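Undergrad: Test case, fold it:
(chains A and B)
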Amino acid sequence: MNKESLKIPISILLSALATFAIGLYGELPWWSFAVANFIIAIAIPLKPWVHFLTGALGVGAIWAGLATGIDAANNHILSTKVASILPLQGSYVLLIVITALVGALVGGFASLTGAYLRKK
Amino acid sequence: MRILPFIASAIVTVGLVSVLNTQLPSGTAKTPKLGYFLSPQHGFWKNAEKIDAGFDASIFAKDLKGKVDVYLDDRLVPHIYADQDEDAYFVQGYLHAKFRLWQMDFQTRVAAGRLSEIAGADKLSIDRFFRRLGMVYGAEQTEKYINDNNPVMKATVDAYTAGVNAYLQQLSPADLPFEYKLMNYAPEAWTPKKTYLFLMFMSYDLTGRSATADLQLTNTRDYLGYDLFEKLYTNQQDSLDPIIPKGTLFAMPSIVPQKPLSADSAYLKKQPPMMAINNYSIPPQAPDKNNGSNNWAVAGSKTKSGRPILCSDPHLGLNLPSLWYEVQITTPTHSTYGASFPGSPAVIIGFNDSLAWGVTNAGRDVLDYYELKFKDSTQKEYWHNGAWQATTNRQEIIKVKDSSDVIENIAMTHWGPAMFDAHYQNPQSKGRNLAVKWTGHNASTGVETFYKLNRAKNFDDYLSAISLWKCPGQNFVFASKSGDIAIKQQGSFIARWDRQGDFIMPGTDSSYDWQGIIPNEENPMMKNPLRGFVSSANQKSVEATYPYYLGTASSFPLYRGISVNKHLAKMSQITPLDMQQLQTDNYNVFAEVARPALVKFIESSKLSYDAQKMVQEMNNWDLYNNENSKGITAFKIIWDSVEYAVWGDELAGAEVPLTKPEAYVLLDQMNKDSNFTVADDIRTKGKVETLKEQVNLGIEKAAIKWKELEKDNQLTWAQFKATRVLHLTKTPALSRFNLPIGGGVNIINATTETHGPSWRMVVHLTDEIEAYGLYPGGQSGNPGSPYYDSFVDTWAAGKYYRLLFLPKDKIKSDSRTKWHIQFSKA
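TA: All right, here's what the predicted structure looks like:
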């Protein structure tokens, strides 16, 4: 194990933690985590497409994890209702997947943008 | 740094965030901001409450004068113990906001004609209707009056307002209630005017039907001619069992209403409209005809315990979140429990440690139209009482989401707003200039009536509290621990001559103006009658010997009152359980008389096989509207179909919707006059149909529907009726459908498709007060909370909860007490 190969798991972890930490401030806009991911990608040298993946995974994982935890503690009451309001046929699983996907996409592209800002 | 890829990626990122941060069009509606909505730390996930959530809290507020303890029981009902009255109302405001914020905000927006602001131009016609009806105007009158004349009420409403705002101030966007996130807007600060707007909305819900009904009735009379009109829309109700029993003598009236000399020609006969306009606006649905209620009180002479029992169940639209919110308020001045309105301080229907009270709608006509003759298109003057009178201009600005403001210029007359004019018409107003006069426009200290009822100790206090009540007129029932029972119909009622106000009145002749408000002492009342009970179920309060006209008979349902009184008269040794069973009784008193009348005309041998089967089902029916009954389904579709066969064509030829005649009119004709000419179908020239032919025709048509229902397996009453409790926005996912409950129109258990007993209460006036109640909803307005609809199934099953009403030292240790919120001065 060397420092190089740790950069990927560290990037994912940082992305997840920063997203979570920023999200604790309810007054900040929901997309603030994109800025954090952007900065992380500038700081850690990795190929841009790798950063897309670490950003997407980091945010996707934390959003999926949070949503799943909240959902379980709520006995799926609200997620089932929302999954009917949105065209998801009442599937709360699909709703969690969509949630994770949305977060992952934003996190991924924000990281990608940051990675391109680094000197080559 | 790779510039081009960076720019491209940046554009995609920013673009993605923007799209996720915008409401996208979806049919006529819009999606929420999807990124915000789906974010687990900001969006709807934040509203998904833990099943085992705790509600303990410690809250500091600078507006409080002292400490307040709130104990929440296992149904999430708050029991408020404060050292000062104002602190109690502060906390009530805070809790109403904490659990029902969106609903309070939304309902007052509707009343204020401000729906377009959040929902767009779709809602403009509803907003224009409410603005022009004078909803905001009325709230302003009340606010001004209370500010100038009633420091105690002002302080009460101010404290309540401060409580709501204290909750609002600590809300971050991530904590907003679900509906705000879904519809993408934010709450605004609460003001006393919003409380008064909420009370205006209740006034509209219970007396505003006239705003549509008067126009419809006028058009119906014009279409049929007065003579036929009198026959089909007779005010005579032979089987009436009035609230104040027949045979009661009334005091000499202090006002003797004078029918104008011109009434027969200028008022009762058809009057051609003065102009024709095609600039139509669709009004909101009129308030439900079934808005009404039951209440009654039985004296100790009829109960097992020797103490009175009082029952009250208001019948309103069934909605989530519920109109009602249970609360207990205890201060050194009083201790009360009951159903409150999120949006207003105090307990509205409930009890205290001395007595109990409840309300049903009086149904009296308190809203009239006057046809205006404007001098010219400026609408600055109108002809009245032999001279040109000046109007003042009232401007109301309607903000519209994604569009420019709409300005309403309303000419104010001595009656009230000129609601319909050259700029505003609907299909029923038919181009007329109409001013509306409504007791809802007058300043009212309605809040004070509840304030005083909460603190009342005896009959005199009750009378004093309700003497302030103006609009909407109600039948206030009362029972005290000391053994008194009473009922009084109280409100600002107009001293009317016969049929005054049923139709649009001529506005040029002052002899049609209101001739006075009936003094309180002349309003119908009964105290401690020999028969041992008082009751009301929206029937006429008095028989025709009463010296004032009440309004059209269609405002006063006949049958529920007959049913209630029949039961109460023969009951004895009554217990609270007996009263619960009475409130949920499904017997159909109307069908009891209508079925035999109908059956007389049925020619079974000539009916089709399906029709015969259906009729048999109706004949075998036990006359109970029970959830599993097919007989009631058969009766209902048969009766509706026969009614349509008899009336339908007669009324279908008009260009505008006409008023349907009451069921008892057809019933009367079936019993008396089998050569009823209206039964003749005017579409079939050269053939005169009889009632018999129309009945059998109606039955054949009903059989078609019966077959369809049979195919879909929807024949039982609960399946057919499909009772539902709808979210205020009618979003299906947030509503409850297909409740297994019986009942219906004319039934004591007045549960229809979307309407019914929105609160059920039974109070046994023992020393500790043994009370039961519930409503079809839940204490939390959050669709993500298990407390959102936790009472619905129990309500549908006809069961009740025992209400917890305890002093502070007892509640702390009660096993049903779960959480404690401590409010302290900051």
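
Undergrad: Give me the buried positions along stretch B:504-513.
TA: Residues B:504-507, B:509, B:512-513 are the ones in stretch B:504-513 that count as buried (16 or more other CB atoms under 10 Å in any protein chain shown). For every residue, glycine as well, the C-beta is placed using N, CA and C.

Undergrad: for the record, mean pLDDT for that stretch?
TA: Averaged across stretch B:504-513, pLDDT comes to 95.

Undergrad: and the buried residues of stretch B:504-513 as CSV, adding secondary structure and distance to chain A?
TA: Compiled in CSV, the buried residues of stretch B:504-513 are given as follows (DSSP: H, G, I helix; E, B strand; the rest coil; distance: CB to the nearest CB, whole Å):
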residue, secondary structure, distance to chain A
B:I504, coil, 44
B:M505, strand, 48
B:P506, strand, 52
B:G507, coil, 49
B:D509, coil, 55
B:Y512, helix, 52
B:D513, coil, 52
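
Undergrad: Could you pull up the residues touching the nearest residue to B:F459 once chain neighbours are set aside?
TA: Closest residue to B:F459 apart from its sequence neighbours, by CB to CB, 6 or more residues apart in numbering or on different chains: B:D484 at 4.8 Å. Counting by CB atoms under 8 Å, 6 or more residues apart in numbering or on different chains, B:D484 makes contact with B:308, B:458-459, B:478, B:527-528.

Undergrad: can you count the residues close to B:F250?
TA: Counted by other CB atoms under 10 Å in any protein chain shown, the residues lying close to B:F250 total 14.

Undergrad: What are the boundaries of the helices in chain A?
TA: Counting by DSSP state H, chain A has helices at residues A:3-23, A:32-43, A:48-73, A:77-85, A:92-117.

Undergrad: Point out the most buried one among these.
TA: Most buried of the helices of chain A, by mean neighbour count (mean count of other CB atoms under 10 Å in any protein chain shown): helix A:92-117, with a mean of 24.

Undergrad: quick one: is it near chain B?
TA: Yes: judged by CB under 8 Å from any CB of the partner chain, helix A:92-117 comes into contact with chain B through A:98-99, A:102-103, A:105-106, A:109-110, A:112-113, A:116-117.

Undergrad: can you list the helices of chain A in TSV and add mean pLDDT?
TA: Formatted as TSV, the helices of chain A follow (pLDDT from 0 to 100):
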stretch	mean pLDDT
helix A:3-23	91
helix A:32-43	94
helix A:48-73	96
helix A:77-85	97
helix A:92-117	96
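
Undergrad: Relative to B:D610, which of these is closest?
TA: Ranking the helices of chain A by their distance to B:D610 (criterion: CB to CB) puts helix A:77-85 first, at 37.1 Å.

Undergrad: Can you tell me the strand partners of the helix or strand of chain B with the lowest mean pLDDT and which way each runs?
TA: Among the helices and strands of chain B, strand B:29-30 carries the lowest confidence by mean pLDDT, DSSP states H and E, at a mean of 85. If you go by DSSP bridges, strand B:29-30 pairs up with strand B:25-26 (antiparallel).

Undergrad: So which of the residues of helix A:92-117 next to chain B is the closest to B:A213?
TA: Relative to B:A213, the closest of the residues of helix A:92-117 next to chain B is A:I98; by CB to CB it sits at 48.2 Å.

Undergrad: In this structure the closest one contacts B:S39, no?
TA: No: counting by CB atoms under 8 Å, A:I98 does not reach B:S39; the two are 12.0 Å apart.

Undergrad: Please name the nearest non-neighbouring residue to the residue in the stretch 451-600 of chain B that chain A sits nearest to.
TA: Of all residues in the stretch 451-600 of chain B, the one sitting closest to chain A is B:T584 (28.4 Å; CB to the nearest CB). Excluding the flanking residues, the one nearest B:T584 by CB to CB, 6+ apart is B:G798, at 4.1 Å.

Undergrad: can you tell me the helix or strand for that neighbour?
TA: B:G798 is located outside every helix and strand, with elements delineated by DSSP states H and E.

Undergrad: again with B:V534
TA: strand B:533-536.

Undergrad: and that strand, which strands flank it?
TA: strand B:292-298 (antiparallel).

Undergrad: Next, the closest residue to chain A within the stretch 351-500 of chain B: secondary structure please.
TA: Chain A sits closest to B:K401 of the stretch 351-500 of chain B, with a gap of 19.8 Å, by CB to the nearest CB. What DSSP: H, G, I helix; E, B strand; the rest coil gives for B:K401 is coil.

Undergrad: B:R394 now?
TA: Look at B:R394: counting by three-state DSSP, its state is strand.

Undergrad: That one and B:P417 touch, don't they?
TA: Yes: taking contacts as CB under 8 Å, B:R394 lies within contact range of B:P417: 6.8 Å.

Undergrad: any shared contact partners between the two?
TA: B:137, B:410-411.

Undergrad: Tabulate the residues you listed in JSON lines, adding columns for neighbour count, distance to chain A and secondary structure.
TA: Converted to JSON lines, these look like this (neighbours: other CB atoms under 10 Å in any protein chain shown; distance: CB to the nearest CB, whole Å; DSSP: H, G, I helix; E, B strand; the rest coil):
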{"residue": "B:Y137", "neighbour count": "20", "distance to chain A": "37", "secondary structure": "helix"}
{"residue": "B:I410", "neighbour count": "24", "distance to chain A": "38", "secondary structure": "strand"}
{"residue": "B:A411", "neighbour count": "23", "distance to chain A": "44", "secondary structure": "strand"}
